[in-house]
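Chemist: sequence first, then the predicted structure, then my questions.
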Amino acid sequence: MRNFERFSDQAVTDEGDIVQSVMLAEAEPVSFEKALKQNYWKKGMIEELESIEKNDTWRLVQLPTDKKCIDVKWVFKTKLKPDGQVAKYKARLVARGFLQKYGQDYYEIYALVARMETIRLIVAIAVKNNWSMYQLDVKSTILNGELEEEVYVNQPPGFEIKGKEEYVYKLDKALYGLKQAPRAWKKKIDSFLVQQGFLKCVTEH
Amino acid sequence: MIVTGNNEEEMKAFKKNMMKKFEMSNLDNLTYFLGIEFDMNSQGVLIHQRKYAQDVLKRFNMLNCKPISTPVDTGVKLSLVNDVKEVNPTLFKQIVGSLRYLCHTRPDIAYGVGLVSRYMVKHTTSHLVAAKRILRYVKDTRSYGIQYSKNQSDELVGYSDSDWSGDKHDRKSTAAYLFMIGNAAFSWSSKKELVVALSSCEASYIATSMTACQAQWINMLLMELQLVKDEKMELRIDSKSAIDLEKHPVAHGRSKHIETKFHFQRDQMNNGKLEVKHCKTDEQIVDLLTKPLKQSSFDYLKKKLGMAEASN
């Protein structure tokens, strides 16, 4: 195993792009009210909620009196095929992480990223030795991370459960937009890789 | 995540385990990672950012601009004071930010980008023109990247150089280093020095200390990956006086004021971790990262550091 080298990439996949566009407020200018009326957007939102449920991300609970709740919001993105046709109407539920308070909703948020120089060096060495190089992308990376902090979010707009409007979701796993989300993922992949027998590179981290 | 290694079986097993644990969307050969494209060709792998460059040009409305053959005008004089007309700060910062990301596979624009990034606080028309000139250069060279070849040698060499008080405003020098594996660059930097150097020798000396730090890190990384046993790295610089200063630790009038931290490389040399060699000025690849060059020498050095054009 010693000749293996690994990099934790911080969700710079399509999903990562969405996170970024949330930050840059460059998401599609679709208002939530309008989207609800459009079947394809509604379908996208239902798909997103299904994957969250399937992933055991959250549980419906009553908010403890001493806790605060974070808002969630919908972000819409039309994904295009290379030829310009619509590939997918993607709705992503994101937490408004900027409302989180340090010491209450999150502690550590540092997450490692690989240095570009290291990547270039490894590529050069791999090419020279004729090793094959594979690319592994995890789907909805961020949603895999397990949260240590107690974080509550409001029910997603448009999908409140009848009769339980006062309830909130307690998060067991991360949502996009949470401050600690990348770190939660990093911890998860870290422990998995170590369990697989990988060694951490001390020079690189 | 990138996985590579010399044991196909182990990699297969690892991929299987990943699939069991997570929902995966991609398990193929490395082609596109963090906006960088990996082109497999007959010689090896060419890394480039054509798509990213294209997107940047589109974003700043430069797709139809007139291309130009070098990124920086040889007579360029940017300063904090001269012309007064300020430009949209957001636009300027966006361009510089995008260009910085493009530097990941483009050492040829690293100097130019470093130059314009110095003016994030105050930017006038002349700075925007300089930034746009880099975009004009990128337009015709967007397919360029670095070629890593199968039959390159293992030889690791570092190059280090600096200009002398290139910044007309604060008289600080630009230091640069570049590390090559075989005949392709993999690590480089072009940066204004933090202190004012009194002579070109001193500027070069400070640059060498920066380079020595990077060399040390690369060596540690390679040792950990168990890819090198001999920990001595060769460093090539073209300043004879700086080499002298490294080899003969005599404190005389012109060098006694040099801060202790810049003597790092002297220590590294004594420990046998570095070997400094002189190289002719026209063989100094890192020139590309310390000053604006004429097209002929620019193109020559670009080729020398392993840059090539992606096909199709």
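Modeler: Arrived safely, thanks for sending.
Chemist: what's B:Thr124 sitting at in phi/psi?
Modeler: phi -120, psi -180 (degrees, to the nearest 10).
Chemist: so how far is chain A from it?
Modeler: 26 Å (CB to the nearest CB, to the nearest Å). For glycine as for every other residue, the C-beta is placed from the backbone atoms N, C-alpha and C.
Chemist: ok, what's across the strand from that residue?
Modeler: Under DSSP bridges, the beta-bridge partners of B:Thr124 are B:Glu86.
Chemist: so what's the residue count around it?
Modeler: By the criterion of other CB atoms under 10 Å in any protein chain shown, B:Thr124 has 19 neighbours.
Chemist: correct me, but it touches B:Asn88?
Modeler: No - using CB atoms under 8 Å, B:Thr124 is not in contact with B:Asn88, being 11.3 Å away.
Chemist: so where is chain A shaky, pLDDT-wise?
Modeler: Applying pLDDT under 70 to chain A flags the ranges A:1-30, A:82-84, A:205.
Chemist: can you pull up the most central residue in it?
Modeler: A:Ile142 (2.7 Å; CA atoms, centre = their mean).
Chemist: now it, nearest residue through space, not along the chain?
Modeler: A:Ala181 (4.8 Å; CB to CB, 6 or more residues apart in numbering or on different chains).
Chemist: same thing with A:Ala91?
Modeler: A:Gly44 (3.7 Å).
Chemist: so that neighbour makes contact with A:Ala87?
Modeler: No - in this structure A:Gly44 lies outside contact range of A:Ala87 using CB under 8 Å: 11.9 Å.
Chemist: please name the strands paired to the least confident helix or strand in chain B by mean pLDDT in the sheet, noting orientation.
Modeler: Of all helical and strand segments in chain B, the minimum by mean pLDDT, DSSP states H and E falls on strand B:24-26, at a mean of 76. Sheet partners assigned to strand B:24-26 using DSSP bridges are listed as strand A:137-138 (antiparallel).
Chemist: mind listing residues that contact the helix or strand following the partner strand?
Modeler: Toward the C-terminus, strand A:137-138 is succeeded by strand A:146-153 as the next helix or strand (DSSP states H and E). Applying CB atoms under 8 Å, 6 or more residues apart in numbering or on different chains, the external contacts of strand A:146-153 come out as A:58, A:61, A:63, A:67-72, A:95, A:100, A:105-107, A:168-175, A:178, A:180, A:184, A:187-188.
Chemist: contacting residues around B:Lys85?
Modeler: Going by CB under 8 Å, 6+ apart, B:Lys85 touches B:124-125.
Chemist: and it, how far from chain A?
Modeler: 28 Å.
Chemist: so B:Val113 belongs to a strand, correct?
Modeler: No - B:Val113 is assigned helix when assessed by DSSP: H, G, I helix; E, B strand; the rest coil, not a strand.
Chemist: surely it and B:Ser98 touch.
Modeler: No - counting by CB under 8 Å, B:Val113 does not reach B:Ser98; the two are 9.7 Å apart.
Chemist: more crowded one of these two?
Modeler: B:Val113 (23 against 20).
Chemist: now the helices: where do they sit in the stretch 151-300 of chain B?
Modeler: B:200-224, B:240-247, B:264-270, B:295-304 (DSSP state H, counting those that start in this stretch).
Chemist: in stretch B:236-253, what counts as buried?
Modeler: Of the residues in stretch B:236-253, B:236-239, B:242-243, B:245-246 count as buried by neighbour count, 16 or more other CB atoms under 10 Å in any protein chain shown.
Chemist: hang on, I meant stretch B:53-72
Modeler: So stretch B:53-72, judged by 16+ other CB under 10 Å, has buried residues B:53, B:56-57, B:60, B:62, B:65, B:68, B:70-72.
Chemist: need the max-distance pair from these.
Modeler: Across these, the longest distance by CB to CB is 19.3 Å; it joins B:Phe60 and B:Thr70.
Chemist: need the strands for chain A, in chain order.
Modeler: In chain A, the segments counted as strands under DSSP state E are A:58-61, A:69-70, A:72-80, A:86-95, A:133-135, A:137-138, A:146-153, A:168-173.
Chemist: touching chain B at all, the last one?
Modeler: Going back to what we said before, that points to strand A:168-173. No - Strand A:168-173 lies out of reach of chain B by CB under 8 Å from any CB of the partner chain, never closer than 12.6 Å.
Chemist: which residues of chain A fall in helices?
Modeler: A:14-23, A:32-37, A:39-54, A:116-128, A:181-195 (DSSP state H).
Chemist: need the contact partners of the longest one.
Modeler: In this case it means helix A:39-54. A:30, A:35-36, A:58, A:74, A:76, A:88-93, A:140, A:143, A:156, A:158-159, A:175.
Chemist: type out the ChimeraX command that picks the buried ones from those residues.
Modeler: Only the buried entries of the contacts of helix A:39-54 go into this ChimeraX selection, using 16+ other CB under 10 Å:
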select /A:30,35,58,74,76,89,90,91,92,93,140,143,156,175
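Chemist: next, count neighbours for the nearest residue to B:Ala176 once chain neighbours are set aside.
Modeler: Spatial nearest neighbour of B:Ala176, chain neighbours left out: B:Leu289 (3.6 Å); criterion: CB to CB, 6+ apart. Close neighbours of B:Leu289, defined as other CB under 10 Å, add up to 29.
Chemist: the one 3 residues further on now?
Modeler: By the measure other CB under 10 Å, the count of residues near B:Pro292 is 18.
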